[in-house]
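Participant: Provide a 3D model corresponding to the input given below.
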Amino acid sequence: MAKSDTSSNDEFDLETFLPFRLHQASEAVSQSFRSIYKHEYGMTRSEWRVLAHLGQYGAMTATEIGRSASLHKTKVSRAVFSLETRRWLSRAPDQRDRRVQILSLTKSGHQAYRRLGSRAQQYNDQLAKKLGKDKVAEIVHLADALQRVVKD
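Facilitator: Modelled structure (predicted):
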């Protein structure tokens, strides 16, 4: 987008506002990858993120998934319901606290995760090829550094 002619160097500039730029880049990449899980598997972003977390980390509670995936509890709940309807996810009561449910992938959920994980890796490899390995390493390093800085 073109910059307004009325702005001066002392004024706020959205184009150099780091949260905005990071969001724009993240959304562009996310929308690009969306074509894989949406069109090939009919999944929402939240469903993909829940499936990926359970596939990557094993059994978790909905609260743990929400915290790790930065998803609101209603989005996690809807995604869990949808994945359970597909028979990709099962629930079991937590032995320590019966109010909590432990979520895990079923056999068909693991198969879906492996297929989608393979497609995700292909997508990641394509991005890495376009950007170059050094840029990818730099992005990962900077993302880690940014997360550490904002947590302090």
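
Participant: from residue 78, how far out is the residue sitting nearest the centre point of the chain?
Facilitator: When the chain is reduced to its mean C-alpha position, the closest residue under Cα atoms, centre = their mean turns out to be residue 49, at 5.0 Å. Relative to residue 78, residue 49 is positioned 12 Å away (Cβ to Cβ, to the nearest Å). All C-beta spots, glycine's among them, are computed from the backbone N, C-alpha and C.

Participant: and what of residue 33?
Facilitator: Using Cβ to Cβ, we find residue 33 at a distance of 20 Å from residue 78.

Participant: for residue 34, same thing?
Facilitator: 17 Å.

Participant: what packs against the longest helix seen in the chain?
Facilitator: Of all segments of type helix in the chain, defined using DSSP state H, the longest is helix 107-131. Other helices and strands packing on helix 107-131, by 3 or more Cβ pairs under 8 Å, 6 or more residues apart in numbering; DSSP states H and E, are helix 18-34, helix 40-41, helix 45-57, helix 133-151.

Participant: residues making contact with the least confident helix or strand in the chain by mean pLDDT?
Facilitator: Across the helices and strands of the chain, mean confidence by mean pLDDT, DSSP states H and E is lowest for helix 40-41: a mean of 90. Contacting residues not belonging to helix 40-41 are listed as 112, 116, 119 [Cβ atoms under 8 Å, 6 or more residues apart in numbering].

Participant: do the same with stretch 102-121
Facilitator: Identification of contacts with stretch 102-121 by Cβ under 8 Å, 6+ apart yields 33, 36-37, 40-41, 48, 50-52, 54-55, 58-62, 65, 80, 83, 86-94.

Participant: how about stretch 59-74?
Facilitator: For stretch 59-74, the external contacting residues (Cβ under 8 Å, 6+ apart) are 46, 49-50, 53-54, 57, 75-77, 79-80, 94, 100-104.

Participant: filter the contacts of stretch 102-121 to the buried ones?
Facilitator: In those, burial by neighbour count holds for 33, 36-37, 48, 50-52, 54-55, 60-62, 65, 80, 83, 86, 88-90, counting by 16 or more other Cβ atoms under 10 Å.

Participant: shaky segments in this structure?
Facilitator: For the chain, the stretches with pLDDT under 70 are 1-9.

Participant: quick check: phi and psi on residue 11?
Facilitator: In this entry, residue 11 is assigned phi and psi values of phi -90, psi 160 (degrees, to the nearest 10).
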